[in-house]
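K.L.:
with the sequence up front, the predicted model follows.
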Number of protein chains: 2
Amino acid sequence: MEQAKNYIKENRERILDELFELIRIPSISSISDHKDDMIKAAEYWKEAMLNAGCDKAVVMPTEGNPVVYGEKIIDQNLPTVLVYGHYDVMPVDPIDLWDNPPFEPVIIDDKIWARGADDDKGQAFMHAKAFEAMIKTDSLPCNVKFMVEGEEEIGSPNMGKWCEDNKEILKADIILVSDTSMIARDIPSITTGLRGLGYWEVEVTGPNRDLHSGLFGGAVANPINVLAKMITDMTDENGHITIPGFYDDVLEVSEEERAKMAEAPFDLEGYKKAIDVKELKGETGYSPSEHTGIRPSFDVCGIWGGYTGEGAKTVLPSKAYAKISSRLVPNQDNIKIMELFKKHFEAVAPDYVKVKVDCLHGGQAYVCPIDIPAYKAAEKAYNTTYNKLPVPVRSGGSIPIIATFEEKLGLKSVLMGFGLDSDAIHSPNENYPLEQFWNGIDTIIEFYKEYVNIMK
Amino acid sequence: MEQAKNYIKENRERILDELFELIRIPSISSISDHKDDMIKAAEYWKEAMLNAGCDKAVVMPTEGNPVVYGEKIIDQNLPTVLVYGHYDVMPVDPIDLWDNPPFEPVIIDDKIWARGADDDKGQAFMHAKAFEAMIKTDSLPCNVKFMVEGEEEIGSPNMGKWCEDNKEILKADIILVSDTSMIARDIPSITTGLRGLGYWEVEVTGPNRDLHSGLFGGAVANPINVLAKMITDMTDENGHITIPGFYDDVLEVSEEERAKMAEAPFDLEGYKKAIDVKELKGETGYSPSEHTGIRPSFDVCGIWGGYTGEGAKTVLPSKAYAKISSRLVPNQDNIKIMELFKKHFEAVAPDYVKVKVDCLHGGQAYVCPIDIPAYKAAEKAYNTTYNKLPVPVRSGGSIPIIATFEEKLGLKSVLMGFGLDSDAIHSPNENYPLEQFWNGIDTIIEFYKEYVNIMK
């Protein structure tokens, strides 16, 4: 595999040029104006797969954005690795907080700065290049399939059906995904658990038009005040979610497992300093790692209503809105939770407002066993690159589709992520250190070797 | 005075043309882009005063938008009426809810539809035309002075100083203002009390950048959730404001006075139907008229933070904002209340966020005695036009400058308003019935006659 790694070293400049070309396509899946960009990004991936050495690659339509599928079958008797990634990215606002335009990648301080630099253009591209290196140096030890979708950031609404429809061609032994983070650049880790997600938009309507706050204020319920109270009532003073039945299916993690998790390094002061907060605030009785790893959350992702322009407008508004999300833990069913919240939020709406709840998207939580061959192979691969065994961690993030893969294809996924917490994914100034990019490719190459060895 | 009224009838078309010209100037004082429009509107008023018959009219600079002053002195021994109005208007968003462009006035169903049709271009213009009619028919019975400012909708920040600086030229016996409403088109009323105002903008900062709600959600305080709770905590379940000391200076209105106020007609079902709410919601123990007339309020006029675009973005935002206002009642000092809220809101901010409060603007509450000559004259004038004595009412709205006039000039104001609650001032589709406009002019003409008679 040293040859393959050398191939990468010799082609670094070209590889980055290719990645930048992909990043420059503003493929924001949640904004319908970008429909054409989704097609461009899909076509880009198809060409990238063919150029890297796939026997075939196709852009396959769905009811939403297409999925790009490619494959290289060298021997039906050898194991097959199915690589998953996504070509869509998050929106970029607030745009004025970016130091560089989000879709004009630049390298500063040995990092790539751009939307998608990490999530997931940078990380998914590592797989294309690791594969290319093994093809070009004639060292690919097994079959490889790629599926790269364009709707991950909006909850992969069409990927489940696409998997079902293409179950035959997707036959494989393991799914490999790079869309997560490591603990730190010198502390490798593999994400073995992912929280699920429920995401809603709520609309609270008071009077049928904006009213003069002087003439009506005090007599007529203000929908912003009401929304604020309804949001507040969804959690109690201990940060516990108050929706009846919300915790019914939460598997409490055993004291031993919590003790083991607590051994993972966590620098509280550094964590607080990095995001510039004086104190953390989570559910009483759990540590910060547990808050994001094994406990559900309740976050308002956005809120708006009334007058938000310059200066003062004395208005009692007609409407208030919020986008609300809850991260879910293994065994909580997102469909059930989404309905639970919707019913509860509508039921507790006071008579003096009208409330509407839309379920925007959701995803199941996921757990990866650490004794399966692919996990073991990944462990060894990280050890080769970093000279340190990776720590298995439960991550707070959701990749809803991972649970769907298990359900539809019967396949586990190994989450070989190389992001860092400082990469600011989903935020302004997203970035991806070049060191992680190159180490990631090397580790993926190592994985193939180890995996085929174990599977022999 | 019949001659003056006839003059108006004969010139109706031209008068509306002139008003429409004024309305077409988008003089929104809270948006700095409209600076030029403020000057245009001021120049328009200067010409209007001269054309109507003032001996002199000048645009007088302030640190903000200019004040237009004009006068007609016929005899130093006669009483002097000082007319106040404003040429600035409220912003127009949400713009898509307007049936006609806000600055292109049209007459439909015998109403003028436009921003400023009532508040306060339409109402202030009635005074210019009543004055013109008396001049042209040689029937003006006393001296008249005009002051028309351009910052009423942002709290008249420079009007207090302007009054102080021009105390000599502003000498008068009474101030006359049309910037309020009547109970209904057939129930005339005069506003004898105005609530004061405190208006703040608050900023809550959590982490120093938008975070991924999956990776951080549950462990890091979300500034929107925190803001929602802080807003909620400002009132209790009885709609009572919880800021310590907030009610200290509120004068409780006597049971007799409340009983008298309760005699004013109030159609609860009609009120609810007009704004399409199933129930009203106000402070426990008070009626809707009392909620807006004699009790303070606490309204969020605007709120924003996080992702507010299309679709779903799973973000734990860095910042959340709100514009908050409180209507104050007589004897509550707005400066004191503004400081009280600022200090309290900052003091109760939990350690895990940073909170900043800006006092945007405020105004004192005001009470007009119903036994002064000018009030008596207004009463008679309404009676002549409407064949019904006007009801004295306490209004929920604030015109902060009215209290300032009393403080700086030692003058009471009589609020001869001809608006209706259905005029949608400060809202989309602001309108002003022509009937109110023409009746208003007639009533103002009658006022001059009655006032000079009483003052003889």
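P.N.:
Arrived safely, thanks for sending.

K.L.:
show which residue of chain A lies farthest from the average position.
P.N.:
A:Leu215 (47.4 Å; Cα atoms, centre = their mean).

K.L.:
now do the same contact list for it.
P.N.:
B:181, B:292, B:395-397, B:421 (Cβ atoms under 8 Å, 6 or more residues apart in numbering or on different chains). Every C-beta, even on glycine, is put in place using the N, C-alpha and C of the backbone.

K.L.:
in helices only, show me those.
P.N.:
B:Thr292 (DSSP state H).

K.L.:
make sure I have this right: A:Gln123 is in a strand.
P.N.:
No - counting by DSSP: H, G, I helix; E, B strand; the rest coil, A:Gln123 is not found in a strand; it is helix.

K.L.:
tell me where the model's unsure across chain A.
P.N.:
A:398 (pLDDT under 70).

K.L.:
output the longest helix belonging to it.
P.N.:
Chain A, longest helix under DSSP H: helix A:434-455.

K.L.:
now do the buried residues in it.
P.N.:
A:436-452 (16 or more other Cβ atoms under 10 Å in any protein chain shown).

K.L.:
do a quick rundown of the strands in the stretch 151-300 of chain A.
P.N.:
For the stretch 151-300 of chain A, the strands defined by DSSP state E, counting those that start in this stretch occupy A:174-177, A:189-194, A:196-205, A:211-212, A:299-306.

K.L.:
other SSEs contacting the last one?
P.N.:
Spelled out, it's strand A:299-306. helix A:223-233, strand A:319-328, helix B:223-233, strand B:299-306, strand B:315-316 (3 or more Cβ pairs under 8 Å, 6 or more residues apart in numbering or on different chains; DSSP states H and E).

K.L.:
got the angle between that strand and strand B:319-328?
P.N.:
40 degrees (axes from the mean of the first three to the mean of the last three Cα atoms, to 10 degrees).

K.L.:
buried stuff in strand A:299-306?
P.N.:
In strand A:299-306, counting by 16+ other Cβ under 10 Å, buried: A:299-306.

K.L.:
quick one: contacts of the helix or strand where A:Thr384 lies?
P.N.:
Element membership of A:Thr384 [criterion: DSSP states H and E] is helix A:373-386. Helix A:373-386 is contacted from outside by A:173-174, A:176, A:186, A:188, A:190, A:192, A:368-370, A:388-390, A:412, A:414, A:416, A:439, A:442-444, A:446-447, A:449-451, A:453-455, using Cβ under 8 Å, 6+ apart.

K.L.:
who in the stretch 1-150 of chain A is up against chain B?
P.N.:
Proximity of the stretch 1-150 of chain A to chain B is confined to A:29-32, A:90-91, A:93-94, A:97 under the rule Cβ under 8 Å from any Cβ of the partner chain.

K.L.:
now, of those, which are buried?
P.N.:
Buried, going by 16+ other Cβ under 10 Å: A:29-31, A:90-91, A:93-94, out of the residues of the stretch 1-150 of chain A next to chain B.

K.L.:
tell me where the stretch 151-300 of chain A has helices.
P.N.:
Counting by DSSP state H, counting those that start in this stretch, the stretch 151-300 of chain A has helices at residues A:159-165, A:213-216, A:223-233, A:255-261, A:268-275, A:288-293.

K.L.:
may I have stretch A:432-448 exported as PDB, CA atoms only?
P.N.:
What follows is stretch A:432-448, C-alpha atoms only, in PDB (Å, rounded to 0.1, in the frame of the first residue of the first chain):
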ATOM      1  CA  TYR A 432     -10.700  21.300   6.800                       C
ATOM      2  CA  PRO A 433      -7.100  20.900   7.700                       C
ATOM      3  CA  LEU A 434      -5.000  19.600   4.900                       C
ATOM      4  CA  GLU A 435      -3.300  17.300   7.400                       C
ATOM      5  CA  GLN A 436      -6.600  15.600   8.100                       C
ATOM      6  CA  PHE A 437      -7.300  15.300   4.400                       C
ATOM      7  CA  TRP A 438      -4.000  13.600   3.500                       C
ATOM      8  CA  ASN A 439      -4.000  11.400   6.700                       C
ATOM      9  CA  GLY A 440      -7.600  10.400   5.900                       C
ATOM     10  CA  ILE A 441      -6.700   9.200   2.500                       C
ATOM     11  CA  ASP A 442      -3.800   7.200   3.800                       C
ATOM     12  CA  THR A 443      -6.000   5.700   6.600                       C
ATOM     13  CA  ILE A 444      -8.600   4.700   4.100                       C
ATOM     14  CA  ILE A 445      -6.000   2.900   1.900                       C
ATOM     15  CA  GLU A 446      -4.800   1.100   5.000                       C
ATOM     16  CA  PHE A 447      -8.400   0.100   5.900                       C
ATOM     17  CA  TYR A 448      -8.800  -1.800   2.600                       C
END
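
K.L.:
is it positioned near chain B?
P.N.:
No - Stretch A:432-448 does not reach chain B (Cβ under 8 Å from any Cβ); its nearest approach is 14.2 Å.

K.L.:
and the nearest residue to A:Gly214 once chain neighbours are set aside, how many residues sit next to it?
P.N.:
Leaving aside its sequence neighbours, A:Gly214 sits nearest to B:Gly397 (Cβ to Cβ, 6 or more residues apart in numbering or on different chains; 3.4 Å). Applying other Cβ atoms under 10 Å in any protein chain shown, we find 26 residues neighbouring B:Gly397.

K.L.:
if you compare the helices of the stretch 151-300 of chain A, which one is most tucked away?
P.N.:
When you average the neighbours per residue for each of these (mean count of other Cβ atoms under 10 Å in any protein chain shown), helix A:213-216 leads with a mean of 27.

K.L.:
residues touching the residue nearest the centre of chain A, list them.
P.N.:
Chain A has A:Ile399 as the residue nearest its centroid, 4.7 Å off, counting by Cα atoms, centre = their mean. Shown here is A:Ile399, whose contacts under the criterion Cβ under 8 Å, 6+ apart are A:152, A:177, A:179-180, A:194, A:363, A:366, A:415.

K.L.:
which of these has the largest number of neighbours?
P.N.:
A:Leu194 (31 neighbours).

K.L.:
quick one: which of the buried ones among the residues of the stretch 1-150 of chain A next to chain B is nearest to chain B?
P.N.:
Taking Cβ to the nearest Cβ as the measure, A:Ser30 is the one of those closest to chain B, at 3.3 Å.

K.L.:
list the contacts for the closest one?
P.N.:
So A:Ser30 contacts A:90-91, A:153-154, B:309-313 (Cβ under 8 Å, 6+ apart).

K.L.:
one more: A:Ala57?
P.N.:
Counting by Cβ under 8 Å, 6+ apart, A:Ala57 has contacts A:45-47, A:49-50, A:68-71, A:146.

K.L.:
alright, I will stop here.
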